[in-house]
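Enquirer: Next comes the sequence, and after it the predicted model I'd like to discuss.
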Amino acid sequence: MSGTQQVKPALGETEGDTGNLTQLEFLALNSEFNIADGHARQALTTGQNKIVDDLPLLFAEGEKRPVEELEREAHAAFFNALGQHSYPIAPGRVLSCYSSSVAMEILSRSLAETIESVALIHPTFDNIADLLRGNGLKLLPLDENMLHDGDLDVGLFASTGCVFVTTPNNPTGRVVSKERLTRLAEQCAAHGAILALDTSFRGFDTRAQYDHYEILQASGVRWVVIEDTGKLWPTLDLKVGMLVHSDNLGLPVEQIYSDILLGVSPLILAMVRRFSEDAAAGGLEHLHRFIASNRAMVRSELAELPGVTVPDPESRASVERVGIENLTGTEVWERLREHNVYALPCRSFHWANPSAGDHTLRLALARSTDPLTQSVRALRHALTQR
Ligand SMILES: Cc1ncc(COP(=O)(O)O)c(C=O)c1O
């Protein structure tokens, strides 16, 4: 563990300005007004309900059919639903994990075998930084604005062996465009750096659904992508994280994968296939409309409150940041907690400089609209309270 990491309090003992984001999310789990974590918790759609009704059939399918076939079908359905038609199909190139954090742990351990430091997008979800640091890697903050503005400073490549980017980013929702990804891949290839992407939120944003694998493969860069089904569908955390990698990666990801797991449940793979098919057949558009409508509701409930801003007007991710000039995110978190409402103060997203997140709060939008509306009204009340 790096010297900059603090000792964290036990689960359940966290206060708003200590601990990591997951510890704050944990406190919210039993509340009806949990708008903290980015997992999908909205009601199932009619099409999704039908899949849940079919779970006994999927279980029987999982018992009978070879897991390799179910896995291949789940991958094909998922990648095709999200426009990733050039994903690699050779055996071992898409490693199915219990969650994207498990995929991240495998990647971190693998990176630590050959490199010393990673340039990591800033801000982003703190468990990415924690898992990298936890495996002894040094981190260099890669400012999100600089990443989007143009080529990376070549000096960066002298001190890092990997560039890690979350796109769409959590919490900002910013997406790396096709043009930027092309240049980023070319730059990393030219300097021999690995390019790693976390695309867990890509399902929410069509701007993140151009074929990334085509670009990565054409560039010749050594690349890794972490994909995730867990943010999209309200499947009670039955999900798959995927570690997808180039054939020239040169890291022991398959070896370390086998140190940790044999594979994910065939029932979950069969379910992912069905949810992906439903997504491709209109479910994704439905989800986009649902999130857009929740976002519009949040913005209109908070509109015209003095000092309250919308930091990410272009975001389509299932989370929404709220800027608060007169209070810290932690103070608002404390006020909300008194009403059993849980949001997320943003300090820890700024893993290299927490104070940069002092005046923002993140709300989860993948929630049924009624409890979300009540939570946002409680937020409005908390923001106007003296
Ligand atoms: C960008 C990103 N990657 C990975 C994760 C970890 O996901 P999980 O908790 O399903 O492992 C999160 C969690 O919110 C995230 O936001």
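Expert: Arrived safely. Model, not experiment: these values are computed from the prediction. Numbering: from 1, shown residues only.

Enquirer: Tell me which stretches of the stretch 151-300 of the chain form helices.
Expert: Taking DSSP state H, counting those that start in this stretch as the criterion, the stretch 151-300 of the chain contains helices spanning 178-191, 212-219, 253-260, 266-278, 284-302.

Enquirer: Quick one: those helices as TSV, columns for mean neighbour count and mean pLDDT too.
Expert: C-beta: built from backbone N, CA, C; applies to glycine. Shown next, in TSV, are the helices of the stretch 151-300 of the chain (neighbours: other C-beta atoms under 10 Å; pLDDT from 0 to 100):
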stretch	mean neighbour count	mean pLDDT
helix 178-191	18	98
helix 212-219	19	98
helix 253-260	16	98
helix 266-278	23	98
helix 284-302	16	98
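
Enquirer: With distance to the ligand added, can I get those in a markdown table?
Expert: As requested, the helices of the stretch 151-300 of the chain are exported to a markdown table (distance: least, C-beta to the nearest ligand atom, whole Å):
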| stretch | distance to the ligand |
| --- | --- |
| helix 178-191 | 17 |
| helix 212-219 | 15 |
| helix 253-260 | 13 |
| helix 266-278 | 13 |
| helix 284-302 | 15 |
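
Enquirer: would you list these in a markdown table and tack on distance to Arg316?
Expert: Below are the helices of the stretch 151-300 of the chain laid out as a markdown table (distance: least, C-beta to C-beta, whole Å):
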| stretch | distance to Arg316 |
| --- | --- |
| helix 178-191 | 16 |
| helix 212-219 | 17 |
| helix 253-260 | 30 |
| helix 266-278 | 19 |
| helix 284-302 | 7 |
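
Enquirer: what does the chain put close to the ligand?
Expert: 38, 99-101, 125, 127, 166, 170, 198, 200, 230, 241 (C-beta under 6 Å from any ligand atom).

Enquirer: May I ask which of those has the most neighbours?
Expert: Using other C-beta atoms under 10 Å as the neighbour criterion, Ser200 leads these with 29 neighbours.

Enquirer: who's in contact with that one?
Expert: 100, 166, 170, 226-228, 230-231, 241 (C-beta atoms under 8 Å, 6 or more residues apart in numbering).

Enquirer: Which members of the residues of the chain next to the ligand occur in strands, if any?
Expert: Here DSSP state E is the test, and the residues of the chain next to the ligand give 166, 198, 241 as lying in strands.

Enquirer: which of the contacts of Ser200 lies closest to Tyr257?
Expert: Gly241 (11.4 Å; C-beta to C-beta).
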